[in-house]
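# fold the following.
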Amino acid sequence: MVNKVFFLAVLIGVPLSVIGSLMHWSPVLLFIIYCLTIIALASYMGRATESLAVVAGPQIGGLLNATFGNAVELIISIFALKEGLVEVVLASLTGSVLGNLLLVAGLSFFVGGLKYKRQAFNVYDARHNAGLLIFAVIVAFVIPEVFSIEMTEGETLTLSIGVSIILIALYLAALFFRLVTHRGVYVHKSDTAEEHEEAEWGKGKALIILGAATVAVAYVSENLVHTFEVVAERFGWSELFIGVIIVAIVGNAAEHASAIIMAYKNKMNVAVEIAVGSTLQIALFVAPVLVLVSLMFPTTMPLVFTLPELIAMIASVLLMIIISNDGDTNWFEGATLLAAYVIMGIGFYLL
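All right, here's what the predicted structure looks like:
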């Protein structure tokens, strides 16, 4: 039933997106059409990556899902940078961290916990990810903010470029560590407990759907960016709220759906890998790539967040580490993460 709804949304949404942009419909109407279309397209990207990942295991499966899910946000952010909307891009990165750690993980733990009393996942991966989360958010994001107080804009940008290169190098090293040198070394009993699942689509069909959905998302995302200013003015939203809440939820729709479904099926290794792995990819790869890409545009983007964004991200990381570090979860822990997300959402709305 849900798949039919998404199919109809794509079938109707993509043509309407093209027609609406050519005929210059109301920006508010187009904003709604674009968001719904991107969410529907993201569902196809999620299903395609899940099909490709069935034979690859939870780690690679979660990595594939997070990568193509984050591709949506990366595309939206590049077009936003092209328009000079640096604040929206930084806010969307913040929203991705909050959304993945609090909303996606929270909903996954909550929905899965309603069906199962306890759900276990790889505790070794959780502890490994905890160190990377602390480094990426608390070290790499805070340092540019603190040092920029005593620096010029040029020096701040230079520091951001240096930090970005180091983050990308560490992310590639982390992939090499987990998928090559130490693949299978830290095995948890929950790794072998997950049932074998048949792929929904064959490899060829999944690749075609994935490619087509990515191209469509790129087109719709470029048009979506042009509606931000009008929508913000119409509803009284700040660029910060649009980035933290709206863009982050739309851009990460694929991971949201996939992680919750995996948790409901008691495949917590995949669910946690999607939520936490996506956060790490945003912090260690997407954010620094956007800093480097911004050098090609008139308005550059230093890796400097506002104080509320930094505090919200640090609080999210610490809460997620405390809850997930034992490799075991339940619905109440999910509710705790969701409560934190709602509190921060209210704060960003009123800010």
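# what helix or strand does residue 117 sit in?
Assigned by DSSP states H and E, residue 117 belongs to no helix or strand.
# mind listing what it touches?
For residue 117, the contacting residues are residue 330, by CB atoms under 8 Å, 6 or more residues apart in numbering. C-beta here means a position set from N, CA and C on the backbone, and glycine is covered the same way.
# got it, and residue 175?
Shown in contact with residue 175 (CB under 8 Å, 6+ apart): residue 63.
# assign it to helix, strand or coil.
Recorded secondary structure, residue 175: helix (DSSP: H, G, I helix; E, B strand; the rest coil).
# what's the answer for residue 335, then?
State at residue 335, reduced to three classes by three-state DSSP: helix.
# isn't it up against residue 110?
Yes. The pair residue 335 / residue 110 is scored as a contact, 5.6 Å apart, by CB atoms under 8 Å.
# please identify the buried residues of the one helix or strand residue 210 maps to?
Assigned by DSSP H and E, residue 210 belongs to helix 203-225. Neighbour counts using 16 or more other CB atoms under 10 Å place 206, 209-210, 213-214, 216-225 of helix 203-225 among the buried residues.
# ok, stretch 339-350 next?
For stretch 339-350, the neighbour count (16+ other CB under 10 Å) marks 340-341, 344-345, 348 as buried.
# now swap in stretch 227-246 and tell me
For stretch 227-246, burial by neighbour count (16+ other CB under 10 Å) applies to 227-228, 231-232, 237-246.
# got CSV for those, with distance to residue 64 and secondary structure too?
Putting the buried residues of stretch 227-246 into CSV (distance: CB to CB, whole Å; DSSP: H, G, I helix; E, B strand; the rest coil) gives the following:
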residue, distance to residue 64, secondary structure
227, 30, coil
228, 29, helix
231, 32, helix
232, 34, helix
237, 33, coil
238, 34, coil
239, 32, helix
240, 31, helix
241, 31, helix
242, 28, helix
243, 26, helix
244, 26, helix
245, 26, helix
246, 26, helix
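# could you pull out the strands in the stretch 51-200 of the chain for me?
Here the stretch 51-200 of the chain has its strands, by DSSP state E, counting those that start in this stretch, at 119-120.
# shaky segments in it?
Within the stretch 51-200 of the chain, the segments meeting pLDDT under 70 span 53, 55-62, 65-66, 69, 182-197.
# rewinding a little: so for residue 335 and residue 110, which residue has more residues nearby?
Using other CB atoms under 10 Å, the more surrounded residue of residue 335 and residue 110 is residue 110, with 21 against 15.
# what about the more buried one, distance to residue 276?
16 Å (CB to CB, to the nearest Å).
# just residue 259 next, same as before
10 Å.
# rewinding a little: okay, and which of the buried residues of stretch 339-350 map to helices?
Among the buried residues of stretch 339-350, DSSP state H puts 340-341, 344-345, 348 in helices.
# of these, closest to residue 159?
residue 348 (26.2 Å; CB to CB).
# how about that closest one: what's its closest non-neighbour residue?
residue 244 (4.8 Å; CB to CB, 6 or more residues apart in numbering).
# pLDDT wise, what is that neighbour at?
At residue 244, the model reports a pLDDT of 83.
# no further questions, thank you.
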